[in-house]
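K.L.:
no letters, just coordinates:
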């Protein structure tokens, strides 16, 4: 009687316990598999990864990279998205006599950022982790800072207009990954300025040499040297050999007042590898395309300029050059800087602006930004 019922009850309890244990075991196994899949899909080694979206809003293009950041290794575990869209802020500013970016340009720029914002959100990036830099043109435009505040209010993207020093350091973090030696200089050149960076005598301290001379600046200068104004004429093409020589002379004069710092001279004298970074429209890609060489030298660029003078924008488009109005002016800029500094050779490494450096720079992510 009672003994038999007790046995039945005990047997039932044991059966339930076994079933619960089995379910717990299965649940744990599923959890382990899920965690493994998470690690594998991210290509990571730690259990926690921060999804970051890094923005580089430059003078001629807006770039974004979305990646998983591993706080243990301080490296990017996996890149989910990396792209740039042309947004010619510097050209637009040069076309307006009032010193402001036009409403049409701001509208286009905001739309580009909105689309990037949506992409980042789809990859699981929250608004607090959408951060970036705004360079050159936003230091000059009267309404530049107001526009950046609008972007933060409407989209939640934290963009700061940075100085050339920080811009150079971020570029260095991007470019040093492509160097084949420890003695390296990283050259970044945009629409409004250029920076050359390298480590000084103190380990981890990044030095910078730069000037507010970029591709849009020299293209505007080339047009003015021809007796025209940029608001009415957007291209200096076709350029004559004399036009190219005059542009080189003017850039040289602009650089003449710049003293080459000791750290940079020592790096160059020691045979530093010069790595140039940038996207598909950057001056260095134009040099590699025009010369058919990478690395390229001053003599290579000079020969390419001689072959390309006299070309119209249509001629450059037929040769599949991007931003045809700026081909020769970009080549002249790079060549003149190389001559000024005595740079023998430059190796171009394609990057999506400085977005990698943005994602890795502690100053951007360890503050409110």
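P.N.:
That came in fine, so what should we check first? No experiment lies behind these values; they were computed from the predicted model shown. Residues are numbered from 1 along each chain as shown.

K.L.:
run a quick neighbour tally on residue 240.
P.N.:
Burial of residue 240 is recorded as 12 neighbouring residues (other C-beta atoms under 10 Å). Any C-beta I mention is one placed from the backbone N, CA and C, and that applies to glycine too.

K.L.:
repeat for residue 239
P.N.:
24.

K.L.:
do residue 271 as well
P.N.:
10.

K.L.:
and residue 326, by the same measure?
P.N.:
Residues near residue 326, counting by other C-beta under 10 Å: 28.

K.L.:
repeat for the one 5 residues further on
P.N.:
Counted with other C-beta under 10 Å, the neighbours of residue 331 add up to 26.

K.L.:
what of residue 355?
P.N.:
Using other C-beta under 10 Å, the number of residues around residue 355 comes to 28.

K.L.:
what does the pLDDT read for it?
P.N.:
pLDDT, residue 355: 94.

K.L.:
where does the closest residue to it other than its chain neighbours sit: helix, strand or coil?
P.N.:
Nearest residue to residue 355, sequence neighbours excluded (C-beta to C-beta, 6 or more residues apart in numbering): residue 65, at 3.7 Å. Classification of residue 65 using DSSP: H, G, I helix; E, B strand; the rest coil returns strand.

K.L.:
residue 65 against residue 359, yeah?
P.N.:
Yes: counting by C-beta atoms under 8 Å, residue 65 does reach residue 359; the two are 6.3 Å apart.

K.L.:
which neighbours do those two have in common?
P.N.:
residue 54 (C-beta atoms under 8 Å, 6 or more residues apart in numbering).

K.L.:
in the stretch 101-250 of the chain, which spans are helices?
P.N.:
Along the stretch 101-250 of the chain, counting by DSSP state H, counting those that start in this stretch, helices occupy 103-122, 137-140, 144-155, 164-175, 215-225, 241-256.

K.L.:
now swap in the stretch 251-369 of the chain and tell me
P.N.:
Using DSSP H, counting those that start in this stretch, helices in the stretch 251-369 of the chain cover 262-269, 283-291, 298-308, 313-318, 327-341, 355-360, 362-365.

K.L.:
I'd like these as CSV, with distance to residue 174 appended.
P.N.:
Shown next, in CSV, are the helices of the stretch 251-369 of the chain (distance: least, C-beta to C-beta, whole Å):
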stretch, distance to residue 174
helix 262-269, 18
helix 283-291, 13
helix 298-308, 23
helix 313-318, 28
helix 327-341, 18
helix 355-360, 4
helix 362-365, 13
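
K.L.:
which stretches of the stretch 51-200 of the chain have low pLDDT?
P.N.:
Along the stretch 51-200 of the chain, no part satisfies pLDDT under 70.

K.L.:
80 - rerun?
P.N.:
136, 163-165, 167-168, 177 (pLDDT under 80).

K.L.:
do you know which of the helices of the stretch 101-250 of the chain lies nearest residue 291?
P.N.:
Each of the helices of the stretch 101-250 of the chain has some distance to residue 291 by C-beta to C-beta; the shortest is helix 241-256, at 15.2 Å.

K.L.:
packing partners of the closest one?
P.N.:
helix 215-225, helix 327-341 (3 or more C-beta pairs under 8 Å, 6 or more residues apart in numbering; DSSP states H and E).
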